[in-house]
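1. For reference, the sequence and a predicted model appear below.
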Amino acid sequence: MKNKMKEMMDEEQGCFFGFPKGRYTEVLTELARTKVNSCCTSSIPLAEFWQPANLAAIKSLLEKAIPGFCPESNLKYFEFPTEAMWNGKRIGNPSMTDIMILDSDLQVAIEGKMTEYVRYREKTIIDWLNESERAKDVTLRRHVLRAWINYIHAADCTDIADYGEFFRDCKDVAYQFLHRTASACNKAGIKNGTIPVLVYQLFFDANDGEHIAKMEEFKAELRRWASLLKLRNMKFIILSVPVTNMREVRERFGSMRGELFNLMQRETIYKFEFDGIAVETVLDAEMPKGKEGR
């Protein structure tokens, strides 16, 4: 049975990562070529969670928090790049959103985490800005920061008045949180009829109290960063997803890396307790008139 393709894996389900047909198997093939540090790298449970067979359950899970959200028909782009633009030129490195889900009314940026928030502290804006001592590099990085906050401001998703206020008050915001927010907001906004949605999907070991405690600490930081950025007119949602077989994953797949994505086509790697998933709406925004519950 292990050699049998998992249900719906090779159907055209609007999943994209480098190939045109929109098949989930294409996504897994491309993900197998990405950098994977361990069997617990968050991209693995994230890909397992968003497999086609789960999309109906995901819709039911999120339909109250995101009215009109339909992952079965929406376009789903894995490792989606958002370029920082300054004076009409691409600068710095793009923000690579784990999954970007698009339709005419919603732009949903999903960031997955599992062991990252347990192992290390997020790099802040001031940490990132001060990594280089060369004046040229610091100037470039300040332009990159301006590009990210410009995307959020253009979508009318922040109450920050100007760059001075941003550099003064937001230096303790995680740099990744900033550019993930910017990715959700880029070319979107209520005035344009598209709601920006930022989703942090936090996987945790359901049998590990320390892991759960670290997750709660990280959730508090996420709320604080959203407050420091004075976010508005967008949705920000935290999904807390219990993993029920972490010990089994480490025992069976501890030496495996990217090849797990290929194995995922035939058998289940991670198991989730869907009834135990918590959906927290940190920030809400109303859908454009006439588009609720499409």
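-> That came in fine, so what should we check first?
2. Please count neighbours and contacts with C-alpha atoms only from this point.
-> Fine.
3. where are the low-confidence patches of the stretch 151-294 of the chain?
-> 287-294 (pLDDT under 70).
4. Show the contacting residues for the closest residue to residue 253 other than its chain neighbours.
-> Closest residue to residue 253 apart from its sequence neighbours, by Cα to Cα, 6 or more residues apart in numbering: residue 39 at 6.3 Å. Applying Cα atoms under 8 Å, 6 or more residues apart in numbering, one finds that residue 39 lies in contact with 249-250, 253-257, 260.
5. And the average pLDDT for stretch 62-74 is what?
-> For stretch 62-74, the mean per-residue pLDDT is 94.
6. any idea how far the most centrally placed residue in the chain lies from residue 251?
-> Nearest to the geometric centre of the chain sits residue 111, at 1.6 Å (Cα atoms, centre = their mean). Applying Cα to Cα, to the nearest Å, the value for residue 111 to residue 251 is 26 Å.
7. chain center to stretch 144-161: distance?
-> Stretch 144-161 sits 19 Å away from the centroid of its parent chain (Cα atoms, centre = their mean, to the nearest Å).
8. Could you do stretch 139-146 as well?
-> Using Cα atoms, centre = their mean, the offset of stretch 139-146 from its chain centre is 23 Å.
9. Just the buried positions in it, please.
-> 141, 143-146 (16 or more other Cα atoms under 10 Å).
10. which non-adjacent residue is nearest residue 259?
-> Nearest one to residue 259, counting by Cα to Cα, 6+ apart, is residue 32 at 5.7 Å.
11. Tell me where this protein has helices.
-> With DSSP state H as the criterion, the chain has helices at 24-31, 43-49, 55-62, 116-119, 125-129, 135-154, 163-169, 175-185, 209-228, 246-253, 259-263.
12. which of those is buried the deepest?
-> Per residue and on average, the most neighbours among the helices of the chain fall to helix 175-185, with a mean of 25 (mean count of other Cα atoms under 10 Å).
13. what angle separates that one from helix 135-154?
-> 40 degrees (axes from the mean of the first three to the mean of the last three Cα atoms, to 10 degrees).
14. If you count contacts, what does helix 175-185 end up packed against?
-> Helix 175-185 sits against strand 89-102, strand 106-113, helix 135-154, strand 195-205, with contacts defined as 3 or more Cα pairs under 8 Å, 6 or more residues apart in numbering; DSSP states H and E.
15. could you redo these as TSV and give each row distance to residue 245?
-> Formatted as TSV, the helices and strands packed on helix 175-185 follow (distance: least, Cα to Cα, whole Å):
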stretch	distance to residue 245
strand 89-102	23
strand 106-113	17
helix 135-154	38
strand 195-205	8
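16. what about residue 160, distance to residue 153?
-> For residue 160 relative to residue 153 (Cα to Cα), the value is 8 Å.
17. swap in residue 183?
-> Taking Cα to Cα, one finds residue 183 at 12 Å from residue 153.
18. likewise residue 162?
-> 9 Å.
19. so residue 24 makes contact with residue 51?
-> Yes. Using Cα atoms under 8 Å, residue 24 is in contact with residue 51, at 7.2 Å.
20. hang on, the earlier thing: who wins for proximity to residue 119 among the helices and strands packed on helix 175-185?
-> strand 106-113 (11.1 Å; Cα to Cα).
21. ok, the closest one: who's next to it in the sheet?
-> strand 89-102 (antiparallel), strand 195-205 (parallel) (DSSP bridges).
22. List the buried residues of the longest one.
-> Along strand 89-102, the positions that meet the burial threshold by neighbour count (16+ other Cα under 10 Å) are 91-92, 94-102.
23. okay if I get these as TSV plus distance to residue 229 and pLDDT?
-> TSV is the format used below for the buried residues of strand 89-102 (distance: Cα to Cα, whole Å; pLDDT from 0 to 100):
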residue	distance to residue 229	pLDDT
91	22	96
92	21	94
94	20	96
95	18	98
96	20	97
97	19	98
98	22	98
99	22	97
100	21	97
101	23	97
102	24	93
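24. Distance to residue 7 for those - can I get that in TSV?
-> TSV is the format used below for the buried residues of strand 89-102 (distance: Cα to Cα, whole Å):
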residue	distance to residue 7
91	42
92	40
94	34
95	32
96	28
97	26
98	23
99	21
100	23
101	22
102	24
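25. now, among those, which is nearest to residue 174?
-> Using Cα to Cα, the buried residues of strand 89-102 come closest to residue 174 at residue 95, 13.4 Å.
26. what residues are up against residue 177?
-> Taking Cα under 8 Å, 6+ apart as the test, what residue 177 contacts is residue 225.
27. switch to numbering from 593
-> All right, first residue 593 from here; so that's residue 769.
28. if we can go back for a sec, which one among the buried residues of strand 681-694 gets closest to residue 797?
-> Nearest to residue 797 among those, with distances taken as Cα to Cα, is residue 690, at 20.5 Å.
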